[in-house]
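J.: Would you be able to build a 3D model of this:
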Amino acid sequence: MKGGTFQTFADKSYQALTEEHLIKHLKGEQVVGLYPLLPDNKSWFIAADFDEADWIEECRTFIKICEKMISQPTLSAHVPAKAAMFGYFLKNPMKHSEAEK
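T.: Predicted coordinates for the structure are as follows:
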């Protein structure tokens, strides 16, 4: 099951987040993407997940970029699942289109 960006993910639908959605997501049965946007299409928070074969190297690269450009992200690694999730709050809100780059 592949995700994508807000713009490129073809199988997206807009729904309220429920406990059932979270359970399916944690089981790998459903992709869940949350976009906490302000009215001007900016956000104070960014999250990124890595779950491909080279996820560890992608994480290292992501951390280096964050340290230079934004701040130190919070890491949640899921080693048995071979995946990692980063989340961090920004010092200033960023446009959604910039955050996806």
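J.: so what strands line up beside the longest strand seen in the chain?
T.: For the chain, the strand with the greatest residue count under DSSP state E is strand 83-95. For strand 83-95, the pairing partners within the sheet under DSSP bridges are strand 42-50 (antiparallel), strand 74-78 (antiparallel).
J.: mean pLDDT for the ones you listed: which is lowest?
T.: If these are sorted by mean pLDDT, strand 74-78 sits at the bottom with a mean of 58.
J.: by contact count, what packs against the strand or helix carrying Glu98?
T.: With elements taken from DSSP states H and E, the one containing Glu98 is helix 96-99. Contact analysis of helix 96-99 by 3 or more Cβ pairs under 8 Å, 6 or more residues apart in numbering; DSSP states H and E lists strand 42-50 as its packing neighbours. Yep, even glycine has a C-beta here, placed from its N, CA and C like the rest.
J.: secondary structure class for Glu67?
T.: The three-state label given to Glu67 by DSSP: H, G, I helix; E, B strand; the rest coil is helix.
J.: Alright, that wraps it up for me.
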